[in-house]
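Enquirer: no sequence on hand, only this structure:
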């Protein structure tokens, strides 16, 4: 194991040196202050160096607006997105209190400015029941404040969503996820996203209850939609109209 980890460290150091050397040839330079290194299941902690400066080791980093952690999952990213969405909602408090705007206009502003920020990158989230509850709770609190529905009125969450003409956040995430999967399935089968989606891992997993993963979630949803295999899903995805009918069925109901 020591030899393997040392070999992996040597390989990544060689790749960085190669990238740094060729980058300088065309006027590009690696910034060690912006470059981060995250190790996953690594036994070797030897430093990776660029021009004599050590690259910082981190447990998480932000890439294209999404938070990536060494433990996997999307809990930290969802927490970050919720914080940003709350900030956006609070900045628009004057709009929610305004008597000159209709409720429909407020809901449209809410969806375009708050929900859009909340669900950025949600297609790749590994969702758990706890995550879904957090997101749906945020939605209901915001809608009740916009529609001026308070707890003594005893209005159910279903009725709140009906008045706002929307569905739960968890359902919106499933819809977005399968729209994105449709794009992936229409890609050439040699492209990396298509390979990663349809790839069947080899070997056996460890004993015990398997962890909830994005792949297992998608597999369950695929069967509920009616696709027995990914090959069948690829065939349907070629027809965009038929694909919309399939993914907007029982598991992904359209907004009323």
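Expert: Nice, thanks for sending it over. Predicted model only: the values in this text are computed from it and were never measured.
Enquirer: pLDDT below threshold where in the stretch 101-250 of the chain?
Expert: Low-confidence segments of the stretch 101-250 of the chain, defined by pLDDT under 70: 200-203, 205-206, 210, 249-250.
Enquirer: and the helices in it?
Expert: For the stretch 101-250 of the chain, helices defined by DSSP state H, counting those that start in this stretch occupy the ranges 103-110, 116-118, 129-147, 157-164, 169-185, 192-198, 214-225, 230-237, 240-247.
Enquirer: need the winner for burial among those helices.
Expert: helix 169-185 (a mean of 19; mean count of other C-beta atoms under 10 Å). For glycine as for every other residue, the C-beta is placed from the backbone atoms N, C-alpha and C.
Enquirer: and the angle for that helix with helix 129-147?
Expert: Angle of helix 169-185 versus helix 129-147, following axes from the mean of the first three to the mean of the last three C-alpha atoms, to 10 degrees, is 120 degrees.
Enquirer: what packs against helix 169-185?
Expert: Identification of packing neighbours for helix 169-185 by 3 or more C-beta pairs under 8 Å, 6 or more residues apart in numbering; DSSP states H and E yields helix 129-147, helix 192-198, helix 214-225, helix 230-237, helix 240-247.
Enquirer: what's in contact with the shortest one?
Expert: Put plainly, it is helix 192-198. Contact with helix 192-198 is made by 181, 184, 185, 187, 188, 189, 218, 230, 234, as judged by C-beta atoms under 8 Å, 6 or more residues apart in numbering.
Enquirer: please identify which two of the residues you listed are farthest apart in space.
Expert: Greatest spatial distance among these (C-beta to C-beta): 188 and 218, at 20.2 Å.
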